[in-house]
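>>> need a structure here:
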Amino acid sequence: MLDVDTIRAFLDDPHVAFAADADAFARAELRPRAEPASDDAARAEARELLGLLGRGWLSPIPARDLRKIALAREAIAAASPLADAVYALQALGAMPIVLAGAGGSTHWVKEAVAGRAMGAFAMTEDEAGSDVASMRTTATKDDGGWVLSGEKAFISNAGIADFYTVFAQTAPGTGSKGIACFVVPADAPGLVFAGAQVLSSPHPLGRIRFDSCRVSADACLAGPGDGFKLGLATLDMLRATVGAAACGMAARALEEAAAHARDRKQFGEPLAGFQLVREKLARMATELTAARLLVYRAAWVKDRGAARVTLESAMAKSYATEAAQRIVDDAVQILGGKGVLADHPVDRLYRSVRALRIYEGTTEIQRLVIAGQLLDRSQK
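Residues are numbered from 1 along each chain as shown. Take a look at the predicted model:
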């Protein structure tokens, strides 16, 4: 069961009930599903998973209930990293529309939450990862609308999304001041799926290209400069939930490792009887608890009305993802040969957890953010 006792101080009664339901759903509906054997299979599976998630589990997104989003991602990631990726992209694709309150585009939020429309968040480019302001995709005003040109890379759901939340430069050379944000339907003329980028774990990823892609004026969620702020606000809000997903993967790894340590015998006794194995389990459990407290503190602060949770989210994301990497690695070590078999849940977690330390802001960037926040506060 998803442990709510540790984080109970940060939850209201409805969150506790939601956590139990989310955990039951993930165990019953997601855990039994086999891992897709190819990128094409993963893309088809992602669509199937979206339909399952659309049965009410995505409703916390437009409600901006960050604690419920975190609880859902923790439960789902423990059962299926691919399902968590689908959940994450529904949030990333829809949240800018929610935050902007954009009337003409709000139908995408309704469709996304119902599991009928798959979203994507198109910010990253080959030369614009952590340095978002250096993006080269352009948006030019033309005949009452906008024309997008350029290419995005490392875009989750590229090629299978129904809509893309796209960030583009309206005034090259102005950095973040020129970045605007648009909602672009997948069937917009000039929007091209430029190919898959295949990961070691199932995760639809790829490139999209804008060949003079024309969109209407009301496709613009936020104009020059405000688009950059909208993107940062979205990431600031959702970043802690990446930590929640990491906690889910770490909890599953700990569960698998503890079960193996109890059952596996070597030299006439269970692995759990060896002090070095017990030390690993103790460290794994302690780090997981610390990570979860940071994650749900950040979500709680945001849900209480904080305008920004930059420091809290950066701490939660950086610590939880790094801790999860260590926990999953220790689980592999405890399981030994079983832990590196491709069909074992821990190997699946090992291949999936690594990306969490990179997307939505690398650990290194988060630590720079934390230091900057602390130094700014020390001057006041």
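
>>> what sits against the most centrally placed residue in the chain?
With the centre of the chain defined as its mean C-alpha position, the nearest residue by CA atoms, centre = their mean is residue 88, 4.1 Å away. Residues counted as contacts of residue 88 (CB atoms under 8 Å, 6 or more residues apart in numbering) are 73, 156, 238, 241-242, 245. Any C-beta I mention is one placed from the backbone N, CA and C, and that applies to glycine too.

>>> Quick one: neighbours of the nearest residue to residue 185 once chain neighbours are set aside, just the number.
Distance criterion CB to CB, 6 or more residues apart in numbering; nearest residue to residue 185, sequence neighbours excluded, is residue 163 at 5.4 Å. Using other CB atoms under 10 Å as the criterion, residue 163 is surrounded by 26 other residues.

>>> Next one, pLDDT for the nearest residue to residue 59 once chain neighbours are set aside please.
Nearest in space to residue 59, with sequence neighbours left out and distances taken as CB to CB, 6+ apart, is residue 113 at 5.9 Å. According to the per-residue confidence, residue 113 scores 97 in pLDDT.

>>> Thought residue 58 was touching residue 113, still the case?
Yes. Counting by CB atoms under 8 Å, residue 113 does reach residue 58; the two are 4.5 Å apart.

>>> what's the following helix or strand after the least confident helix or strand in the chain by mean pLDDT?
Within the chain, confidence by mean pLDDT, DSSP states H and E is lowest for strand 265-266 among all helices and strands, at a mean of 90. Past strand 265-266, heading to the C-terminal end, the next element that is a helix or strand (DSSP states H and E) is strand 269-270.

>>> Off-centre distance for the strand or helix carrying residue 257?
Secondary structure assigned from DSSP H and E places residue 257 in helix 226-263. In terms of CA atoms, centre = their mean, to the nearest Å, the centre of helix 226-263 is found 7 Å from the chain centre.

>>> What residues of that helix count as buried?
The neighbour-count criterion (16 or more other CB atoms under 10 Å) identifies 226-228, 230-231, 233-254, 256-258, 260-261 as the buried residues of helix 226-263.

>>> same deal with stretch 45-61?
Within stretch 45-61, the residues scored as buried using 16+ other CB under 10 Å are 45-46, 49-50, 52-54, 57-61.

>>> Return the residues in contact with the closest residue to residue 356 other than its chain neighbours.
With CB to CB, 6+ apart as the measure, residue 321 is the residue that lies nearest to residue 356, at 4.4 Å, once sequence neighbours are left out. Residue 321 makes contacts with 242-243, 246, 353, 356-357, 363, as judged by CB under 8 Å, 6+ apart.

>>> let's go with 6 Å and repeat that
Remark: with contacts taken as CB atoms under 6 Å, 6 or more residues apart in numbering, residue 321 is in contact with 246, 356-357.

>>> tell me the secondary structure for it?
helix (DSSP: H, G, I helix; E, B strand; the rest coil).

>>> now swap in the one 3 residues further on and tell me
With three-state DSSP as the basis, the three-state label of residue 324 is helix.

>>> How much space separates it from residue 137?
Distance of residue 324 to residue 137, computed by CB to CB, to the nearest Å: 32 Å.

>>> Tell me which of these two has more neighbours.
The residue with more neighbours, out of residue 324 and residue 137 and counting by other CB under 10 Å, is residue 324; that gives 30 against 22.

>>> Nice, that's everything, thank you.
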